[in-house]
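Asker: Generate a structure from the sequence data that follows.
(2 chains)
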Amino acid sequence: MRKLSHKIYAVSAAVLLGVGGLAVAGPAAAANFNGSLSCPASTVVKSSGYKGGTGSITVSAPGRSYTDSTSSTGFSITVKGASSTGSWSVSGSGATSGYGSCGI
Amino acid sequence: MIRHRLGRGSAKPVLLLVVGLVALSGCAASPDDSVPAPSRHGELEAAPGWVEPGWMTQVRQDDEQYQTASIACYAEYGLTAVKSIGGGSVGFLDLADETGQVPPAVEAVLDEASADCNERVPLPEHHASTADDAAYARMIDLRECIVAYGYDVPEAPSAATWKDSSLSNIWNPYSAMFADGSSLPQAELRSLMAACPQSGPGYYVEAPIDEG
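Answerer: Purely as a prediction, here's the structure:
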């Protein structure tokens, strides 16, 4: 019998919470959620947004962004940033929530 | 690091029985029929006993057609769309400026292209699904698929709890896997999501950062 050896890279919840990891923000303006994080060096800032409307959504993390302009709904979109410190944001008429976190 | 659990000792006889029954039936598969699954997706290999539900085959085909047609449509506007990782969608990398906003001039082109492409390329039928009993059954199938490919996934909530959830927080096996901040290399995640596609109404999506 063979064994699979898939690797899931995990970061502990303690690390996430201990360094201000999860930062849920209310909308600074209509369909605009944002904040900034300083994560442990071994992790990166992640930005996550929920596309609950048929309009577009742009999810941004340090150094990267992703825009979905399809008419789909129900997408929980995550963008992994390129660094462990910086700003995250979720915006667009289709965005209904957003948060930043630390992860790998 | 999370270790994975697989119990496969008695799976081969089950697979042979399933294959035999399918061969004896001689019937054409309908979308609701279970059919033998492709055993490999990229570097991933399913447990021998895993039999893919027919809806997964259909979703995989529908998503591929939708993504290919959408990318071609946006290309007519000079926009380079990429396939999302999960969810069967398409999107655009790095349109936003340092403030996280898409510049107005870019947004104008995107709006025009999206209005046209969203009309010309209809969403796959499964994107219209709601949180009903059929969707719950597909979500359970999805969790079993991921487990069959060797990954640990938290237990799913009950059907009643799941159906009562708001769509923005509805339980999804992929979201549950990565809720603690963990992740997979994106090439591996892409293969897993090809093997175990999502049918909605809630989708876990990652932006591709190292591939198109």
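Asker: Can you name the element that comes right after the lowest-mean-pLDDT helix or strand in chain B?
Answerer: Lowest mean confidence among the helices and strands of chain B (mean pLDDT, DSSP states H and E): helix B:11-25, at a mean of 38. Going down the chain from helix B:11-25, the next helix or strand is strand B:40-41, by DSSP states H and E.
Asker: Show me what that next one is packed against.
Answerer: Helices and strands touching strand B:40-41, by 3 or more Cβ pairs under 8 Å, 6 or more residues apart in numbering or on different chains; DSSP states H and E, are helix B:186-195. All C-beta spots, glycine's among them, are computed from the backbone N, C-alpha and C.
Asker: ok, and for the helix it packs on, which residues are buried?
Answerer: For helix B:186-195, the neighbour count (16 or more other Cβ atoms under 10 Å in any protein chain shown) marks B:Q186, B:E188, B:L189, B:R190, B:S191, B:L192, B:M193, B:A194, B:A195 as buried.
Asker: What of stretch A:45-59?
Answerer: Going by neighbour count (16+ other Cβ under 10 Å), the buried part of stretch A:45-59 is A:45-52, A:55-59.
Asker: next one: stretch A:68-82
Answerer: By neighbour count on 16+ other Cβ under 10 Å, the buried set for stretch A:68-82 is A:68-81.
Asker: Give the residue farthest from the middle of chain B.
Answerer: B:A105 (32.7 Å; Cα atoms, centre = their mean).
Asker: what's the most distant pair in the buried residues of stretch A:68-82?
Answerer: Spanning the widest gap among those are A:S71 and A:G81, at 27.3 Å by Cβ to Cβ.
Asker: Where do the helices of chain B begin and end?
Answerer: Ranges of helices in chain B, per DSSP state H, are B:11-25, B:54-75, B:104-120, B:133-148, B:159-164, B:173-177, B:186-195.
Asker: between those helices, which one is nearest to B:H127?
Answerer: Across these, closest to B:H127 is helix B:54-75 (Cβ to Cβ), at 8.6 Å.
Asker: Counting by contacts, list what that closest one packs against.
Answerer: strand B:82-83, strand B:90-93, helix B:104-120, helix B:133-148.
Asker: Could you find the closest non-adjacent residue to the most centrally placed residue in chain B?
Answerer: With distances taken as Cα atoms, centre = their mean, the residue of chain B nearest its centroid is B:P197 (2.7 Å). The shortest distance from B:P197 to any non-neighbouring residue, by Cβ to Cβ, 6 or more residues apart in numbering or on different chains, is to B:V59 (4.5 Å).
Asker: do A:A82 as well
Answerer: Excluding its sequence neighbours, the residue lying closest to A:A82 (Cβ to Cβ, 6+ apart) is A:G63, at 3.3 Å.
Asker: and the one you found, what does it touch?
Answerer: A:G81, A:A82, A:S83, A:G86 (Cβ atoms under 8 Å, 6 or more residues apart in numbering or on different chains).
Asker: hmm, 7 Å instead?
Answerer: Going by Cβ atoms under 7 Å, 6 or more residues apart in numbering or on different chains, A:G63 touches A:G81, A:A82, A:S83.
Asker: Surely the first one touches A:T43?
Answerer: No. Under the criterion of Cβ atoms under 7 Å, A:G81 is not in contact with A:T43, lying 9.7 Å apart.
Asker: Quickly list what's touching both of those two.
Answerer: Here A:G81 and A:T43 share no contacting residue, scored by Cβ under 7 Å, 6+ apart.
Asker: so how far is stretch A:88-104 from its chain's centroid?
Answerer: Relative to the chain's own centre, stretch A:88-104 is displaced by 5 Å; criterion: Cα atoms, centre = their mean, to the nearest Å.
Asker: in chain A, which spans are helices?
Answerer: Going by DSSP H, chain A shows helices at A:13-18.
Asker: Just give the closest residue to the residue nearest the centre of it, not the sequence neighbours.
Answerer: With distances taken as Cα atoms, centre = their mean, the residue of chain A nearest its centroid is A:S47 (1.8 Å). Spatially, and ignoring its direct neighbours in sequence, A:S47 is nearest to A:W88 (3.6 Å; Cβ to Cβ, 6+ apart).
Asker: wait, what's in contact with the one you found?
Answerer: So A:W88 contacts A:N34, A:G35, A:L37, A:V45, A:S47, A:S60, A:A61, A:G100 (Cβ under 7 Å, 6+ apart).
Asker: ok, of the residues you listed, which one's closest to chain B?
Answerer: Among these, A:S60 lies closest to chain B (Cβ to the nearest Cβ), at 3.8 Å.
Asker: Surely that closest one and A:G86 touch.
Answerer: No. Counting by Cβ under 7 Å, A:S60 does not reach A:G86; the two are 9.7 Å apart.
Asker: Name the residue in the two with the higher neighbour count.
Answerer: A:S60 (32 against 20; other Cβ atoms under 10 Å in any protein chain shown).
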